[in-house]
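1. Fold the stuff below for me.
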Amino acid sequence: MSEKNRDGKRTARERLAVEREKQKSAQKRRRALIVGASVVGVLGLAAVIGVIAANSGKDDGSDSAGPAVAPSGAKGKDALAIPVGKESARSTLTVWEDFRCPACQAFETAYRPVIRELTDAGQLKVEYHLVTLIDGNMGGTGSRNAANAAACAQDAGKFRAFHDVLYENQPKETEDAFAQNSKLLDLAGKVDGLVTPAFRNCVQDGTHNSWVAKSHQAFQAGGFSGTPTVLLDGKNIYQDQTMTPAKLKQQVQEAAKG
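-> Numbers count the residues shown, from 1 in each chain. Sure, this is the predicted structure:
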């Protein structure tokens, strides 16, 4: 293996490690805020606790109102997975992700070329599960609104393209830019043929908001520690410090050979 390749792999691992640490720090800050708010509550300002409790779970409550409308082609239990790739592929990559999550963007940047190559070759199928972890940690509705818009793109048969655009234009974790439907519609304009009256209405009406909430509930019920959670045929590879795009490719290709 060339020194250049080794350096590239180290760089990818280091970048993912940094993003993991950032997410851990954000979670620690949130726990500290909750503890601090509890102390203030004892002094008679219990309303502060209520605000933080609301942000830790849901945003304005509208995401869980009404029936869960799954996007076209969604599969799995309760139709909570958006599939990409051929069903006949021997290997399945399950990705739990949040479009506001910096670590998810880092994973996408490092692994997207290999994932795309393997799915296009029919050797890998991917099941995307959309969650709203950052909305709960940082406040806002950007995770939910972006996930709803991605589900609307799935209805139009353009999920993968819009999925990539969202990560390529991800705002800072503390900036809830994806909460603005106008921003999401502008980004959708980068995908040829996506912005139609049906797509626009789907985004603005929050057609899949309840489905997104149900997906997040499944994430919580699964006991996962954070986003992204990436499973290859059920094995958590995101926690594997030795994993690289090249190693993922090798494992999938070996499985494809039977």
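2. so where's this structure shaky on pLDDT?
-> 1-65 (pLDDT under 70).
3. Helices along that one, start to end?
-> Secondary structure of the chain (DSSP state H): helices at 3-42, 46-57, 102-120, 133-138, 142-155, 159-168, 181-188, 197-205, 209-221, 245-257.
4. Show me which residues of the fourth one are buried.
-> Within helix 133-138, the residues that count as buried by 16 or more other C-beta atoms under 10 Å are 133-138. Yep, even glycine has a C-beta here, placed from its N, CA and C like the rest.
5. Stretch 199-217 too?
-> Here stretch 199-217 shows 199, 202-203, 206-217 as buried, counting by 16+ other C-beta under 10 Å.
6. and the two most separated of those residues?
-> Largest separation among the buried residues of stretch 199-217 by C-beta to C-beta: Phe199 and Gln217, giving 25.7 Å.
7. Next one: the residue nearest the centre of the chain from Cys104, what distance?
-> Most central in the chain under C-alpha atoms, centre = their mean is Glu97, positioned 2.0 Å from the mean C-alpha point. Glu97 sits 5 Å away from Cys104 when distances are taken as C-beta to C-beta, to the nearest Å.
8. Common neighbours of these two, please.
-> Taking C-beta atoms under 8 Å, 6 or more residues apart in numbering as the contact criterion, the common neighbours of Glu97 and Cys104 are 227-228.
9. Next up, the contacts around Asn236.
-> 229-230 are the contacts of Asn236 under C-beta under 8 Å, 6+ apart.
10. Which of the buried residues of helix 133-138 sits closest to Asn169?
-> Out of the buried residues of helix 133-138, the member with the shortest distance to Asn169 (by C-beta to C-beta) is Ile134, at 15.6 Å.
11. Now that closest one: closest residue in space that isn't a chain neighbour?
-> Once flanking residues are discounted, Ile134 sits nearest to Arg100: 3.8 Å by C-beta to C-beta, 6 or more residues apart in numbering.
12. how deep is the nearest residue to Lys158 once chain neighbours are set aside tucked in, by neighbour count?
-> Excluding its sequence neighbours, the residue lying closest to Lys158 (C-beta to C-beta, 6+ apart) is Leu194, at 4.9 Å. Residues contacting Leu194 under the criterion other C-beta atoms under 10 Å number 22.
13. Likewise for the one 3 residues further on?
-> Residues within reach of Pro197, counting by other C-beta under 10 Å, total 7.
14. Now do it against Val203, distance only.
-> Distance from Pro197 to Val203, by C-beta to C-beta: 11 Å.
15. Same check on Ser91?
-> Here Ser91 is placed at a distance of 33 Å from Val203 (C-beta to C-beta).
16. Please apply the same query to Leu184.
-> Counting by C-beta to C-beta, the gap between Leu184 and Val203 amounts to 6 Å.
17. which neighbours do those two share?
-> 145, 149.
18. now for stretch 212-230, what's the gap between its first and last residues?
-> Terminal residues of stretch 212-230 lie 18 Å apart, using C-alpha to C-alpha, to the nearest Å.
19. now it, how far from the centre of its chain.
-> Centre-to-centre, stretch 212-230 and its host chain are 10 Å apart (C-alpha atoms, centre = their mean, to the nearest Å).
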